[in-house]
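Participant: need a 3D model of the sequence below.
(chains A and B)
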Amino acid sequence: MSQDALTKLLSERDWLMADGATGTTLFNMGLTSGDAPEMWNVDHPERVRALYKGPVDAGSDIFLTNSFGGTASRLKLHDAQNRVGELNRIAAELGREVADASGRTVVVAGSMGPTGEIMEPMGPLSFDGAVEMFHEQADALKAGGADVLWVETISSPDEYKAAARGAELADMPWCGTMSFDTAGRTMMGLTSADLAKLVENLPNPPIGFGANCGVGASDLLRTVLGFRQAGTERTVIAKGNAGIPKFVHGHIHYDGTPDLMADYAVMARDCGATIIGGCCGTTPEHLERMREALETRPRGDAPSLEAIAEALGGFSSASDGTDDKGPKPRERTGRRRRG
Amino acid sequence: MADEEDDIILSELDDEELVAQMMDDLYDGLADEIAEATNILLERGWEPYDILTKALVAGMTIVGHDFRDGILFVPEVLLAANAMKAGMSILKPLLAETGAPTIGRMVIGTVKGDIHDIGKNLVSMMMEGAGFEVVDLGINCEVDKYLNALAAENADILGMSALLTTTMPYMKVVIDTMIDQGKRDDYIILVGGAPLNEEFGKAIGADAYCRDAAVAVETAKTFMARKHNRASAG
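Facilitator: Residues are numbered from 1 along each chain as shown, chains lettered A, B, ... in the order given. Have a look, this model is predicted:
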């Protein structure tokens, strides 16, 4: 099998820029809250092409397809659970068109978001059930011409593993990021060090892993530092939000300026990220400034947490669970302890 | 160690030890043990309401605080809530019979277009854990669904959740509709979800933004206390 486009780019360059926001951008194009973005692949393909062209024209090397909510469980909400194959395939086909027309190598990354369900034993979704949904989506993204699969915004380690297995069954290379939005951990309690360890134990480790979304640029960079401190040698991905969402005149606006995101991009690289992009609120204007900064500013040493806080703002919590500065577990009177 | 664990016989503990053990077992999410201990206390003549407040709710308060403080995370809290439910399912019919007071009624749902329900479920479970009655409308709720349920349930609190920046503005649609119909001030409106913040909550006219399920419980208690005070003053 020939080398995939992402692995090839990574062998030629020492950093790559990913894309910015999908949801925010579609919303600004007129997506009504309540409608499934994935429907636009069929109903408004020209808008989805425009979504993809934004980051490509701004200099992104990688962009994600409009298929974040493309699993059967998510589409079920719109009674479109039987359109998984169609909607994901077209998401990737439109991406392929835009990438191939760009005149350079741009990676089409097939976005796969969480199923939205809680996995066993806490919730109803079985591991096999999750694998089946991710596999179905992965096959369709592959059929549409995606170069790699891009699993994102995951919080549960089991769901991450299920997505990995889905990629394996589809025989596709993949990347996978989690959202570290709860005191520096994922909602399910996973730390950056935990994820760095988890990916090495998979039968088909991702090309790259990392963090997306979450609660602001500072927290995201702390997570990237955590991956590196855990000793990973794998490609690390940083896709942070452009600041914090604010509600202005009936629209969502993110307060992270292009200049701030440019600083974030360079610091993310210094922290050890190789693939750097934005998430919610990151527009092509942000991406242009990020690209310019990554091309013109020199590399530096990994910044300290203090330097990150000074440049980009404070952290959401004192500890991210990888040091001993966090809150201590409760001392219990009980004699009964589980495993 | 394993032998020692197996050695605990709940029925041999005195009341104080048993309640302490229940708090630990809630913390560890042991549903069978909570059900067993609930039955033991009932056999010993405890009032259902006392078991609810002094053992289960008190135990879940500890879970809530440790969740708030970043010591416990969602998986542990869900298991604890499951254990709590095992005790509640025994107590619920008995509480109804004895006419025990309710702390408040909440209608909760994820807004239209959003299928994310983990956070909402967590709030729902922790509110129940704190003694509230919760009517969960599920996901993808349109404005009429909220309004009909609020009226039908004679609710005190409306809870709305959204995880997407594309769906969070729908909360304002719901609140604006309530204002238009003159019903806004009949309810305490709490909102939550990862992309929200306090400023957003204020901008759309909610009473409070709740950062997580533990905060939602505390906030609901505070607002209910104010409501009761107003009622007794008026």
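Participant: could you list the low-confidence segments of chain B?
Facilitator: Within chain B, the segments meeting pLDDT under 70 span B:1-6, B:234.
Participant: so who does the residue nearest the centre of it touch?
Facilitator: Taking C-alpha atoms, centre = their mean, the centroid of chain B lies closest to residue B:127, which sits 0.8 Å from it. Going by C-beta atoms under 8 Å, 6 or more residues apart in numbering or on different chains, residue B:127 touches B:106, B:108, B:134, B:159, B:213, B:216-217, B:220. All C-beta spots, glycine's among them, are computed from the backbone N, C-alpha and C.
Participant: secondary structure element holding it?
Facilitator: According to DSSP states H and E, residue B:127 maps onto helix B:118-129.
Participant: any idea how far that helix is from the chain center?
Facilitator: Put simply, helix B:118-129 sits 5 Å off its chain's centre (C-alpha atoms, centre = their mean, to the nearest Å).
Participant: C-alpha coordinates for that helix, CSV please?
Facilitator: Written as CSV, here are the backbone C-alpha positions of helix B:118-129 (Å, rounded to 0.1, in the frame of the first residue of the first chain):
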residue,chain,number,x,y,z
ILE,B,118,-24.3,13.2,28.8
GLY,B,119,-24.1,16.4,30.7
LYS,B,120,-27.9,16.7,30.8
ASN,B,121,-28.3,13.2,32.1
LEU,B,122,-25.7,13.9,34.7
VAL,B,123,-27.5,17.0,35.9
SER,B,124,-30.8,15.0,35.9
MET,B,125,-29.3,12.2,38.0
MET,B,126,-27.6,14.5,40.4
MET,B,127,-30.7,16.6,40.8
GLU,B,128,-32.6,13.4,41.7
GLY,B,129,-29.8,12.5,43.9
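Participant: and the longest helix belonging to chain B, what does it pack onto?
Facilitator: For chain B, the helix that runs over the most residues, judged by DSSP state H, is helix B:74-98. Applying 3 or more C-beta pairs under 8 Å, 6 or more residues apart in numbering or on different chains; DSSP states H and E, one finds that helix B:74-98 contacts helix B:15-27, helix B:31-43, helix B:48-50, helix B:58-68, helix B:118-129.
Participant: any buried residues in that helix, and which?
Facilitator: Residues of helix B:74-98 classed as buried: B:74-88, B:90-91, B:95 (neighbour count, 16 or more other C-beta atoms under 10 Å in any protein chain shown).
Participant: same thing with stretch B:31-47?
Facilitator: Buried, per 16+ other C-beta under 10 Å, within stretch B:31-47: B:31, B:33-38, B:40-41, B:46-47.
Participant: need these in CSV with distance to residue A:38, can you?
Facilitator: Below are those laid out as CSV (distance: C-beta to C-beta, whole Å):
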residue, distance to residue A:38
B:31, 38
B:33, 45
B:34, 42
B:35, 43
B:36, 48
B:37, 48
B:38, 46
B:40, 52
B:41, 51
B:46, 53
B:47, 53
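Participant: who's in contact with the strand or helix carrying residue A:47?
Facilitator: Under the criterion of DSSP H and E, residue A:47 resides in helix A:45-58. Residues outside helix A:45-58 that contact it (C-beta under 8 Å, 6+ apart) are A:18-20, A:22, A:25-26, A:29-30, A:40-41, A:63, A:65-66, A:90-91, A:94-95, A:97-99, A:102, A:106, A:283-285, A:287-288, A:291.
Participant: give me the subset of those that also touch chain B.
Facilitator: Within the set of these, contact with chain B (C-beta under 8 Å from any C-beta of the partner chain) is found for residue A:26.
Participant: the contacts of helix A:45-58, buried ones only, as a PyMOL selection?
Facilitator: Remark: buried members of the contacts of helix A:45-58, expressed as a PyMOL selection using 16+ other C-beta under 10 Å:
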select buried, chain A and resi 18+19+20+22+25+26+40+41+63+65+66+90+91+94+95+98+99+106+283+284+287+288+291
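Participant: so which of the contacts of helix A:45-58 sit within strands?
Facilitator: Using DSSP state E, residue A:63 are the members of these that sit in strands.
Participant: taking the contacts of helix A:45-58 one by one, which sit in helices?
Facilitator: Short answer: the contacts of helix A:45-58 in helices (DSSP H) are A:25-26, A:40-41, A:90-91, A:94-95, A:97-99, A:284-285, A:287-288, A:291.
Participant: closest to residue A:235 out of those residues?
Facilitator: Closest to residue A:235 out of those is residue A:291 (18.6 Å), distances taken as C-beta to C-beta.
Participant: could you verify my assumption that that closest one touches residue A:16?
Facilitator: No. Between residue A:291 and residue A:16 there is no contact under C-beta atoms under 8 Å: 10.6 Å.
Participant: so, low pLDDT: which residues of the stretch 151-300 of chain A?
Facilitator: A:245, A:247, A:250, A:252.
Participant: roughly how far does residue B:160 sit from residue B:114?
Facilitator: 10 Å (C-beta to C-beta, to the nearest Å).
Participant: meant to ask about residue A:50, not that
Facilitator: Distance from residue A:50 to residue B:114, counting by C-beta to C-beta: 24 Å.
Participant: pLDDT averaged over the helix holding residue A:47 - what is it?
Facilitator: Taken as a whole, helix A:45-58 has a mean pLDDT of 98.
Participant: just the strands from chain A, written as ranges.
Facilitator: Counting by DSSP E, chain A has strands at residues A:16-17, A:62-64, A:107-112, A:148-154, A:174-178, A:208-213, A:235-240, A:245-248, A:251-254, A:275-278.
Participant: make JSON lines from the contacts of residue B:127 and add secondary structure, neighbour count and distance to chain A to it.
Facilitator: Output for the contacts of residue B:127, formatted as JSON lines (DSSP: H, G, I helix; E, B strand; the rest coil; neighbours: other C-beta atoms under 10 Å in any protein chain shown; distance: C-beta to the nearest C-beta, whole Å):
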{"residue": "B:106", "secondary structure": "strand", "neighbour count": "27", "distance to chain A": "20"}
{"residue": "B:108", "secondary structure": "strand", "neighbour count": "28", "distance to chain A": "16"}
{"residue": "B:134", "secondary structure": "strand", "neighbour count": "21", "distance to chain A": "17"}
{"residue": "B:159", "secondary structure": "strand", "neighbour count": "29", "distance to chain A": "18"}
{"residue": "B:213", "secondary structure": "helix", "neighbour count": "26", "distance to chain A": "11"}
{"residue": "B:216", "secondary structure": "helix", "neighbour count": "31", "distance to chain A": "15"}
{"residue": "B:217", "secondary structure": "helix", "neighbour count": "24", "distance to chain A": "17"}
{"residue": "B:220", "secondary structure": "helix", "neighbour count": "26", "distance to chain A": "21"}
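Participant: picking up where we left off before, off-centre distance for the helix holding residue A:47?
Facilitator: Helix A:45-58 has its C-alpha centroid displaced from the chain centroid by 18 Å (C-alpha atoms, centre = their mean).
Participant: pull out the buried residues from it.
Facilitator: Going by neighbour count (16+ other C-beta under 10 Å), the buried part of helix A:45-58 is A:45, A:47-49, A:51-52, A:54-56, A:58.
Participant: repeat that for stretch A:196-205.
Facilitator: Buried residues in stretch A:196-205, counted by 16+ other C-beta under 10 Å: A:196, A:198-199, A:202.
Participant: between the residues you listed, which is nearest residue A:217?
Facilitator: Proximity of those to residue A:217 (C-beta to C-beta) peaks at residue A:196, which lies at 20.2 Å.
Participant: OK, contacts around that closest one?
Facilitator: Contacts for residue A:196 (C-beta under 8 Å, 6+ apart) come out as A:209, A:226-227, A:230-232, A:234.
Participant: ok, it to residue B:200 distance?
Facilitator: Going from residue A:196 to residue B:200 by C-beta to C-beta gives 33 Å.
Participant: ok, now residue A:13?
Facilitator: If you measure residue A:13 against residue B:200 using C-beta to C-beta, the figure is 39 Å.
Participant: more neighbours: which of the two?
Facilitator: residue B:200 (23 against 12; other C-beta atoms under 10 Å in any protein chain shown).
Participant: pretty sure the more buried one is touching residue B:211, no?
Facilitator: No. If you go by C-beta under 8 Å, residue B:200 and residue B:211 don't touch, sitting 12.0 Å apart.
Participant: measure the closest residue to residue A:225 other than its chain neighbours to chain B for me?
Facilitator: Leaving aside its sequence neighbours, residue A:225 sits nearest to residue A:271 (C-beta to C-beta, 6 or more residues apart in numbering or on different chains; 5.2 Å). From residue A:271 across to chain B, the span is 23 Å (C-beta to the nearest C-beta, to the nearest Å).
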